[in-house]
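Asker: Sequence and predicted structure below; questions after.
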Amino acid sequence: MHKDKVVVKRKAKERIRKRIRKRIRGTSEKPRVHVFKSNRYLYAQAINDENGHVLVSASTLEKEFKRKNEDFKNIEASQNLGSVMAKRLKEKNIKKIVFDRGIYPYHGRIKALAEAIRKQGIIF
């Protein structure tokens, strides 16, 4: 019996997500910054897992971000997103975070985003 490829991929992604989330927890002092990457855009949000609230969010889909960048899929765009995210975290007086890369490997756009957040002085 052949399984549908979409179902197999979805279950594999769920296993990866559960394995990572087993070790990562966000609090109000040290929220979890989760990254989602679609084919076109990149989204990041700081989450307090104790209450289930999103504290800060940023994405390449926002109007102010679209004015600066023409291409939303490159490393430069993810670096800009990281600096915007770090600025918003500082406004909320958050200095430490836990980085949740999701199901994506830590290279390319995800790594550029994380390093841009670190450059702005956020510790993780």
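Answerer: That came through fine. Residues are numbered from 1 along each chain as shown.
Asker: Let me see the confidence value for residue 2.
Answerer: With respect to pLDDT, residue 2 has a value of 65.
Asker: ugh, wrong one, I meant residue 18
Answerer: For residue 18, the predicted pLDDT is 94.
Asker: just the one 3 residues further on next, same as before
Answerer: We note a pLDDT of 90 for residue 21 in this prediction.
Asker: Please work out how many residues are found near it.
Answerer: Residue 21 has 14 neighbours, counted by other CB atoms under 10 Å. C-beta: built from backbone N, CA, C; applies to glycine.
Asker: any idea how far residue 32 is from it?
Answerer: Between residue 21 and residue 32 the computed distance is 9 Å (CB to CB, to the nearest Å).
Asker: Quick check: closest non-adjacent residue to residue 76.
Answerer: Spatial nearest neighbour of residue 76, excluding adjacent residues (CB to CB, 6 or more residues apart in numbering): residue 69 at 7.0 Å.
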